[in-house]
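Asks: Whatever this is, show me its structure:
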Amino acid sequence: MVLINKETGTVIASEVFVANRFWPKFWGLQFKKSIPADFAFIILDCRSIHTCFMRFNLDAVFVDRRFKVLKVYRNLKPFSMTPLVKDAYAVIELKHGRLDIEPGDSLGLINDTPAVYL
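Replies: Predicted coordinates:
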């Protein structure tokens with residue numbers, strides 16, 4: 001599965017993992033040493049995140065059910081927390097610095113390869 005910005009046609013991530021159950025959402029990216037530049041971790045039914053026990057900075061993109069970008073947090077440092085994002089359906093966690101995404105952009109998933117559901 002590939003994550004794209006429909007506004008620009010840019011491929012944001014070519015490796016997409018979707019967390020839709022309790023334990024994958026709970027563990028998330030905690031304790032990982034790093035993530036690849038083309039990696040996206042999508043947490044469904046999520047309106048806020050923390051970066052406790054993470055070892056790297058990340059960018060977080062909160063989207064509604066249509067994957068319209070509501071809020072973007074750049075360069076979140078370990079042991080920080082975002083406020084609740086009203087109307088958010090999911091958050092997309094990406095390696096810091098990979099964003100050319102702005103609020104109002106529409107994102108999309110292309111099913112060229114199966115997504116991994118954790």
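Asks: can you pull out the strands in the chain?
Replies: When assigned using DSSP state E, the strands of the chain occupy the ranges 2-5, 10-13, 15-19, 39-44, 58-63, 69-76, 90-95, 107-110, 116-117.
Asks: Nearest to Cys52, out of these?
Replies: For those, proximity to Cys52 was assessed by Cβ to Cβ; strand 69-76 is nearest, at 11.2 Å. Placement of C-beta: from N, CA and C, glycine included.
Asks: So which bits of that closest one are buried?
Replies: Using 16 or more other Cβ atoms under 10 Å as the test for burial, strand 69-76 gives Val69, Leu70, Lys71, Val72, Tyr73, Leu76.
Asks: Report the beta-bridge partners for the residue nearest in space to the middle of the chain.
Replies: Nearest to the mean C-alpha position of the chain, counting by Cα atoms, centre = their mean, stands Ile92 at 1.2 Å. In this structure, Ile92 bridges to Ile42, Val61 when assessed by DSSP bridges.
Asks: isn't it right up against Val61?
Replies: Yes. Between Ile92 and Val61 there is a contact at 4.4 Å, judged by Cβ atoms under 8 Å.
Asks: Mutual contacts of the two, please.
Replies: Leu107 (Cβ atoms under 8 Å, 6 or more residues apart in numbering).
Asks: Output the strands of the chain as JSON lines; include the columns distance to Pro83.
Replies: Shown next, in JSON lines, are the strands of the chain (distance: least, Cβ to Cβ, whole Å):
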{"stretch": "strand 2-5", "distance to Pro83": "24"}
{"stretch": "strand 10-13", "distance to Pro83": "23"}
{"stretch": "strand 15-19", "distance to Pro83": "21"}
{"stretch": "strand 39-44", "distance to Pro83": "16"}
{"stretch": "strand 58-63", "distance to Pro83": "10"}
{"stretch": "strand 69-76", "distance to Pro83": "9"}
{"stretch": "strand 90-95", "distance to Pro83": "12"}
{"stretch": "strand 107-110", "distance to Pro83": "21"}
{"stretch": "strand 116-117", "distance to Pro83": "28"}
